[in-house]
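> with the input below, show me the fold.
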Amino acid sequence: MSWLQQHAPGTYHRILFDDRISVERYGVGNAIAQPYNHTILPLASAKDKELQISWGIADFQHRFGRLPQGMWLPETAVDVDTLEVLVDNGIAFTILAPWQAVDDDLDVTVPYRVPLPSKRSIVVFFYQGDLSGSISFDPGTTANADAFVTETLLPRYPEDHDYDPLILVASDGELYGHHQEWRDKFLEYLLNGSSAEAGISTTYPARYLLHHPVQDEVGVVEQTSWSCHHGVERWRGDCDCCAGDGTWKKYLRAGLDGLATAFDELFDDYWQAKGIPPKKVRLNYIEVLLGKQPVDTFVEGLLQRTLNWAEARRARLLLEAFYNRQRMYTSCGFFFDDPSGLEVRYNIASAARAVDLVDQALGISLERHLLPPLRRVHSQKTGETGEDVYIDILVAHHRR
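Residues are numbered from 1 along each chain as shown. Take a look at the predicted model:
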């Protein structure tokens, strides 16, 4: 959204406008939030789960002017702890793949309530797995919107049902016109023409819940996702989702985890020594990222006093390092077969930036926590290691 705001402001404001119109017409909006840095939350620490969800909600509220009811989890990766944090932060529902439910014979045309260990619950919508897959990977399915309705949708749902079935489809946005030509036109006509002509009304989860109270309960399978049928292995090791050898992923994650642990200790010690709860600093730093206040004003507000130049610089560098320490867990860096792609380079670059900023701020190098595992991140295509990439990045920034 920040990219759209800068580079495609017309699209950005149209998204906000359409959500506002939905609120005015129906009482609930159609936009939902997402965790801030697209981190695989079941693999994140408890502190990172809380932060990613909190930052995502703050970003949503900043842009849409309201609190979100729903949140899309990155790759729909889920565990019970993540659901608990969603509820802690006021999120009412999320969306998962049907195979993430413990019930193999699930009616996905209705939402479910998932009971939690805390005696609370959260609503989960399960999307249509086969229909979503067909839309995503079979171009013939989306060649004609009229045919899609009459030949694909209507035969699934005879008119003699005694409730309003929800046909929930999940697919990547870039499918429409990018991965598949003209599919943006297919989607436009499906929503604004052919579906209405066939007596199918368009809706969205928050609006559906207004008129359809949740009746049934179901459990979720721990540490599962929509894009890996081996749980969340795709983002931490080798699994059959990868055509090649994916063992490099566990070393990349080990390096990032080692760096994160060492950094968090320094970060917490720094703020505790100043009498400021580190959690307060972490969660509220989103105010700076959203441009609501300058970083120096933010720090002075925490300390309740004016900073000298050296103090301001040190705090600024540590906070920027903290932001990069969050970015280095972006899920795409673990998704693909080989570590030679731009996605892994992005994660390593974020880690390198965090290391560099800590060195500038405190004169402490955290490389020793990161580099040994990165040496074992080996590309079958280029022969490069993760350490090679790390050094290339530092050279590019004149730091070596």
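
> contacts and neighbour counts: CA atoms only from here.
OK.

> for the stretch 51-200 of the chain, which segments count as strands?
93-96, 112-115, 121-126 (DSSP state E, counting those that start in this stretch).

> nearest to Ile57, of those strands?
Judged by CA to CA, the one of these that comes nearest to Ile57 is strand 93-96, at 13.3 Å.

> what about the helices in the stretch 1-150 of the chain?
In the stretch 1-150 of the chain, the helices defined using DSSP state H, counting those that start in this stretch lie at 2-7, 9-26, 46-64, 80-88, 129-137, 145-147.

> turn those helices into a markdown table, including distance to Ser171, mean pLDDT and mean neighbour count.
Below are the helices of the stretch 1-150 of the chain laid out as a markdown table (distance: least, CA to CA, whole Å; pLDDT from 0 to 100; neighbours: other CA atoms under 10 Å):
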| stretch | distance to Ser171 | mean pLDDT | mean neighbour count |
| --- | --- | --- | --- |
| helix 2-7 | 20 | 95 | 11 |
| helix 9-26 | 18 | 97 | 14 |
| helix 46-64 | 21 | 98 | 20 |
| helix 80-88 | 22 | 98 | 19 |
| helix 129-137 | 6 | 93 | 16 |
| helix 145-147 | 16 | 95 | 18 |
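
> tell me which of the ones you listed sits nearest to Val355.
helix 46-64 (18.5 Å).

> packing partners for the closest one?
Helix 46-64 is packed against helix 9-26, helix 80-88, helix 278-284, helix 286-289, with contacts defined by 3 or more CA pairs under 8 Å, 6 or more residues apart in numbering; DSSP states H and E.

> tabulate these (TSV), appending distance to Ala243.
Compiled in TSV, the helices and strands packed on helix 46-64 are given as follows (distance: least, CA to CA, whole Å):
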stretch	distance to Ala243
helix 9-26	37
helix 80-88	30
helix 278-284	38
helix 286-289	38
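
> out of those helices, flag the one nearest Gln128.
helix 80-88 (21.1 Å).

> which other helices and strands contact that closest one?
helix 46-64, strand 121-126.

> show me where the stretch 201-350 of the chain has strands.
Under DSSP E, counting those that start in this stretch, the stretch 201-350 of the chain gives strands at 216-217.

> low pLDDT regions in the stretch 101-250 of the chain?
Counting by pLDDT under 70, the ranges of the stretch 101-250 of the chain that qualify are 158-161.

> repeat the analysis, applying 80 as the threshold.
156-163 (pLDDT under 80).

> that older thread, distance to Pro373 for the helices of the stretch 1-150 of the chain - can I get that in TSV?
Supplementary listing: the helices of the stretch 1-150 of the chain in TSV, determined by distance: least, CA to CA, whole Å:
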stretch	distance to Pro373
helix 2-7	33
helix 9-26	40
helix 46-64	21
helix 80-88	27
helix 129-137	36
helix 145-147	50
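
> and of those helices, who's closest to Ala206?
helix 9-26 (9.6 Å).

> which residues does that closest one contact?
With contact meaning CA atoms under 8 Å, 6 or more residues apart in numbering, helix 9-26 is reached by 1, 4-5, 28-31, 63-64, 207.

> can you check stretch 100-108 too?
98, 125-128, 166, 218-222, 224-226.

> CA atoms of that stretch as PDB?
Only the C-alpha atoms of stretch 100-108 are listed here, as PDB (Å, rounded to 0.1, in the frame of the first residue of the first chain):
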ATOM      1  CA  GLN A 100      -6.100 -26.800   7.300                       C
ATOM      2  CA  ALA A 101      -9.200 -27.900   9.100                       C
ATOM      3  CA  VAL A 102      -9.100 -31.100  11.200                       C
ATOM      4  CA  ASP A 103     -12.300 -32.300   9.600                       C
ATOM      5  CA  ASP A 104     -11.600 -33.800   6.200                       C
ATOM      6  CA  ASP A 105     -15.300 -33.700   5.200                       C
ATOM      7  CA  LEU A 106     -15.800 -30.000   5.700                       C
ATOM      8  CA  ASP A 107     -18.700 -28.000   4.200                       C
ATOM      9  CA  VAL A 108     -16.700 -24.900   3.000                       C
END
